[in-house]
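1. sequence and predicted structure, then a few things I'm wondering about:
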Protein chains: 2
Amino acid sequence: MDYAERTQRATDNGLGDLLAAPTKNQISFAGGLPDPKLFPQQELSVAFAAAMANSTGDQFQYSDAQGFRPLREQLARLLQRDGVRATADTIAMTQGAQQALDLIARLYINPGDTIVVEAPTYPGAISAFDTYEPHYEGVPVQSDGMDMVALRRVLTERRVKLIYTVPDFQNPTGTVMSLNKRRTLLALAREFDVMIIEDAPYRWLRYNGINLPTLSELDQSDRVIFVDSMSKVLAPGLRVGWVHADAEIIKDLVALKTGADLESSTLTLRGVSQYLADNDLDAHIAALRHNYAQKRDAMVAGLRAEMPGTAIISAPQGGFFVWLELPTTINTDVLAREYKDELALVPGSMTYPLHDHHNGLRLAFTHASIDDIKTGCQRLGRAVRQAMANTVTIRNDAQAH
Amino acid sequence: MDYAERTQRATDNGLGDLLAAPTKNQISFAGGLPDPKLFPQQELSVAFAAAMANSTGDQFQYSDAQGFRPLREQLARLLQRDGVRATADTIAMTQGAQQALDLIARLYINPGDTIVVEAPTYPGAISAFDTYEPHYEGVPVQSDGMDMVALRRVLTERRVKLIYTVPDFQNPTGTVMSLNKRRTLLALAREFDVMIIEDAPYRWLRYNGINLPTLSELDQSDRVIFVDSMSKVLAPGLRVGWVHADAEIIKDLVALKTGADLESSTLTLRGVSQYLADNDLDAHIAALRHNYAQKRDAMVAGLRAEMPGTAIISAPQGGFFVWLELPTTINTDVLAREYKDELALVPGSMTYPLHDHHNGLRLAFTHASIDDIKTGCQRLGRAVRQAMANTVTIRNDAQAH
């Protein structure tokens, strides 16, 4: 039986490999995995035991498709502290942020509709959107976020439905969108009648400086759909994400969610709610920031020591990733494949919607230990030097004959 | 911003209301909710505590998109006992059976492709499929399953991609497909090159007689995609379902799942795996069967006492539902709306793909207590008698003038 037309590209995303645990002898800079030593195991155990003990049995029953209301109230308060005008009614719980991306594309995208993504962008977003067969326009990411001149050109030339952006510690480049560009983006979205997906999983993980306002806070015309997750600050294995938007949009996303999986696990949502009620999330996040800042420093130092002068290292102020641009003679698809037994890498081509850039690398610094980060940078240095040497040799050979 | 074309029908499914807990004074025969007194609370608490205690932290980390392998091995053994040739590689874990239906339609259905469903059928399946904009053909359900003559006619007239069936204790009619029809269905699927979705959430809940072989067991040509769930036998609030099919199909479904939500909660899957390792699932299911058989008997007796002679009551051998067909002069959409403060009902129109039948009712007997079942049947009896009286009066009035 023939598959649907969407299936070819949607099944070919390589995301499963990306999140795999490193094999023995392999150091992973690949998936955006938190440091397992920092999961609040004891606190989550206590919280889930309490959620389990509810005598009504409601924790095991079908429940609210929008997700356990007390948790939505807690999240709304957390977002309000950050300037986001959220209430329990403007939030819907999803299976990680990933499902939020799926449902938003499901709500808006007919085959062939245009989505603007940053180039490079989060590969999982491409994978979520692919199901709905959009046309992609990639807008280059500069050191202060999306290139707004290029964005205006795209919006002038094509009818665009959605703009997908990670304004804080962008995946994969680690950049932060400037306040000016945030305002420009919102003005453009209004002028051209486009919705914005603001994906903010790393926002709470800033290691220097202070956060700028979210697009959601700055938005005056209900154009921002804000996507967030507990995966980076608590635990990805819980699969707890959410989406905040205008209450009418939330109602429609919830209706679509019933078709997708009826609802999220109320037991899990109750467990997370209990965790938030009984623990100091800020203190936990402060510990994460302390740890990850050191790891970021270790990786940046390791790369500085090991990379050729022609490499560009983007040292981020927060988040999970360092972005590395190597000389264009180096193909990181080949590099990642050749060295996979000792290093797990995300080649930059995975992060471009058309997979047409081949000299970038996204390097996650959160999962490996500081020692492994050092060793991994050394391995990467050897690999890059070897690749450059090979390139040079072949060129000389070609000229000699 | 305009929504996608799929959105209108996909957001209008009413599923959220259907699974809502009954309000005070309301007796619910609506959603397929298990009896909350029968959740194995203590055993699940112990199992989840053990899953939480893993010192590696793997229970909180990103994991395998196909789902925790030891659980897949346990499920394969359970299915093998039932004659299904499952292995860990032919099973993928999903967010309840609902997500399996979403992913299967995602894999196969282009807009306009034909899906055959039983008429009536499970409303949630329609809701899962709607996202992919299929054309539906409904094949009537007889007392021994789908009408195979009607099915052959549809297959002859149209190119069909998928046939969706609940062969055991069908949702909503409670019927069991005969062995002859199972064989005919498989032969037709082979002749016309169609895939079959066998949805089997109620199969373990038989109250009389013995089970027939699954379509999956009888299948000789890898045409059956088998969908199953822990929702009815353990707890829906866990959202643990799975799909079993040819390993190549499973691989593609897993790739699509990474786009949809990356993966299921490994913590939850480990908790369920631990539960299965430490407990006697058969004994638990035996207790469910004992309880639900009594409730079924109470509902059938209540309906026999209360319904007019022109009503047809389908007493099922298992599952969650009694199906009631009232005289065609009675519109159960109106009845459900008018009596909603005292009775939660699923009008039959929700279970027809074109919503074009209005005299059926799906009555879930598993959630209410036996006393409430009796009281609910009395309320339903009053409502039906009132509706019949109203109908007659209006007719007489019309003739008088």
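-> Arrived safely. Numbering: from 1, shown residues only, chains lettered A, B, ... in the order given.

2. pull out the buried residues from stretch A:214-224.
-> When burial is assessed from 16 or more other Cβ atoms under 10 Å in any protein chain shown, stretch A:214-224 yields the following buried residues: A:214-219, A:223-224. C-beta here means a position set from N, CA and C on the backbone, and glycine is covered the same way.

3. show me the shaky parts of chain A.
-> The model of chain A has pLDDT under 70 over residues A:9-19, A:392-401.

4. longest helix anywhere in it?
-> helix A:370-400 (DSSP state H).

5. which elements pack onto that one?
-> strand A:27-28, helix A:281-306, helix A:332-338, strand A:343-344 (3 or more Cβ pairs under 8 Å, 6 or more residues apart in numbering or on different chains; DSSP states H and E).

6. please repeat the previous calculation with a cut-off of 10 Å.
-> strand A:27-28, helix A:281-306, strand A:321-325, helix A:332-338, strand A:343-344, strand A:360-364 (3 or more Cβ pairs under 10 Å, 6 or more residues apart in numbering or on different chains; DSSP states H and E).

7. which bits of the stretch 201-350 of chain A sit near chain B?
-> Residues of the stretch 201-350 of chain A lying close to chain B by Cβ under 10 Å from any Cβ of the partner chain are A:222-223, A:231, A:234-241, A:249, A:251-271.

8. contacts only, for the closest residue to residue A:230 other than its chain neighbours.
-> Nearest in space to residue A:230, with sequence neighbours left out and distances taken as Cβ to Cβ, 6 or more residues apart in numbering or on different chains, is residue A:240 at 4.3 Å. Residues in contact with residue A:240 (Cβ atoms under 10 Å, 6 or more residues apart in numbering or on different chains) are A:67, A:71, A:75, A:93-97, A:228-231, A:234, A:264-265, A:268-269, A:271-273, B:265.

9. and what of residue A:177?
-> Residue A:177 touches A:118, A:141-142, A:144-146, A:148, A:165-168, A:170, A:184-185, A:198, A:212, A:215, counting by Cβ under 10 Å, 6+ apart.

10. at 7 Å instead, please
-> Residues in contact with residue A:177, defined by Cβ atoms under 7 Å, 6 or more residues apart in numbering or on different chains, are A:144-146, A:165, A:167.

11. turn those residues into CSV, columns for secondary structure.
-> Written out in CSV, the entries for those read as follows (DSSP: H, G, I helix; E, B strand; the rest coil):
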residue, secondary structure
A:144, coil
A:145, strand
A:146, strand
A:165, strand
A:167, coil
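
12. about what we covered before: just the residues of the stretch 201-350 of chain A next to chain B: which are in helices?
-> A:249, A:251-261, A:266-271.

13. residues in a beta bridge with the residue nearest to residue A:181 when sequence neighbours are not counted, which ones?
-> Distances taken as Cβ to Cβ, 6+ apart place residue A:145 nearest to residue A:181, at 4.6 Å, with adjacent residues excluded. Under DSSP bridges, the beta-bridge partners of residue A:145 are residue A:142.

14. state the distance from residue A:145 to residue A:173.
-> Separation of residue A:145 from residue A:173 (Cβ to Cβ, to the nearest Å): 9 Å.

15. can I get the buried residues of stretch A:214-224 in a markdown table with distance to residue A:356 and secondary structure?
-> Output for the buried residues of stretch A:214-224, formatted as a markdown table (distance: Cβ to Cβ, whole Å; DSSP: H, G, I helix; E, B strand; the rest coil):
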| residue | distance to residue A:356 | secondary structure |
| --- | --- | --- |
| A:214 | 31 | coil |
| A:215 | 27 | helix |
| A:216 | 31 | helix |
| A:217 | 35 | helix |
| A:218 | 32 | helix |
| A:219 | 32 | coil |
| A:223 | 29 | coil |
| A:224 | 29 | strand |
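
16. how about those in JSON lines, adding distance to residue A:306?
-> Shown next, in JSON lines, are these (distance: Cβ to Cβ, whole Å):
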{"residue": "A:214", "distance to residue A:306": "36"}
{"residue": "A:215", "distance to residue A:306": "36"}
{"residue": "A:216", "distance to residue A:306": "39"}
{"residue": "A:217", "distance to residue A:306": "40"}
{"residue": "A:218", "distance to residue A:306": "40"}
{"residue": "A:219", "distance to residue A:306": "42"}
{"residue": "A:223", "distance to residue A:306": "43"}
{"residue": "A:224", "distance to residue A:306": "40"}
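
17. closest to chain B out of these?
-> residue A:223 (8.0 Å; Cβ to the nearest Cβ).

18. show me what contacts the closest one?
-> Per Cβ under 7 Å, 6+ apart, neighbours of residue A:223: A:186, A:189-190, A:195-196.

19. now residue A:154
-> With Cβ under 7 Å, 6+ apart, residue A:154 has these contacts: A:116, A:137, A:139, A:160.

20. ChimeraX command for the buried members of the ones in helices among the residues of the stretch 201-350 of chain A next to chain B?
-> Selecting only the buried entries of those in ChimeraX, with 16+ other Cβ under 10 Å as the criterion:
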select /A:249,252,253,254,255,256,257,258,259,260,261,266,267,268,269,270,271
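
21. please identify the buried residues of the longest helix of chain A?
-> Going by neighbour count (16+ other Cβ under 10 Å), the buried part of helix A:370-400 is A:372-377, A:379-381, A:383-384, A:387-388.

22. closest one to residue B:87 out of the residues you listed, please.
-> residue A:372 (35.0 Å; Cβ to Cβ).
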